Structures are given as C-alpha cells and as structure tokens.
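Visitor: Any chance you could fold what I've pasted below:
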Amino acid sequence: MEIIKSNMKKILPKMTTDEEAESLLEQDLSDYLHEDNFKFVEEYTHLAHTNP
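Guide: Just a heads-up that it's a prediction; the model follows:
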C-alpha cells in the first residue's frame, strides 16, 4: 500500500481559547507549514536593525 502525502495547503484557523490551540497542536501540522501562514513583522525587523 502506498501512502500519498497531501500537498494541500491549510490556513491556520483563528483561535480564541487555549483549548482550541491545544487541539490544533495535537494534529499533524505538516499541511500548515507554508509561507502563507507566516507574516513578516516590520516592527521586529525595525527594532533588530536599530538595537546594537
């Protein structure tokens, strides 16, 4: 039997409780690991370049 890995990209759901986050973390998160789920944080980059 051949196991076929899904190439489907999933968007992270909005979570409002710890229980929702814990439930998500109990799953296989492989399909969530793509650039659409990560956002560039300009303030962090600005601080990193201004602090020695």
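Visitor: CA atoms for contacts and neighbours, from now on please.
Guide: Will do.
Visitor: tell me how far the ends of stretch 17-35 are from each other?
Guide: Using CA to CA, to the nearest Å, the span of stretch 17-35 from its first residue to its last is 24 Å.
Visitor: What strand or helix carries residue 11?
Guide: According to DSSP states H and E, residue 11 maps onto no helix or strand at all.
Visitor: err, residue 19, not the other one
Guide: In this structure, residue 19 is located in helix 18-25 according to DSSP H and E.
Visitor: so for that helix, what's the average pLDDT?
Guide: For helix 18-25, the per-residue pLDDT values average out at 94.
Visitor: got the CA positions of that helix in CSV?
Guide: The C-alpha atoms that make up helix 18-25 are tabulated as CSV, following Å, rounded to 0.1, in the frame of the first residue of the first chain:
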residue,chain,number,x,y,z
ASP,A,18,-6.2,27.6,24.9
GLU,A,19,-8.3,24.5,24.3
GLU,A,20,-8.6,25.4,20.6
ALA,A,21,-4.8,25.8,20.4
GLU,A,22,-4.1,22.6,22.2
SER,A,23,-6.5,20.7,20.0
LEU,A,24,-4.7,22.0,16.9
LEU,A,25,-1.3,21.1,18.3
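Visitor: Check which helices and strands it sits against.
Guide: Helices and strands in packing contact with helix 18-25 are not found; criterion 3 or more CA pairs under 8 Å, 6 or more residues apart in numbering; DSSP states H and E.
Visitor: buried set for that helix?
Guide: Taking 16 or more other CA atoms under 10 Å as the basis for neighbour counts, none of the residues of helix 18-25 comes out buried.
Visitor: and if you look at stretch 27-41?
Guide: Neighbour-count burial for stretch 27-41, with 16+ other CA under 10 Å as criterion, is recorded at residue 32.
Visitor: low-scoring pLDDT stretches of this protein, where are they?
Guide: Segments of the chain classed as low confidence (criterion: pLDDT under 70) are 1-7, 41, 43-52.
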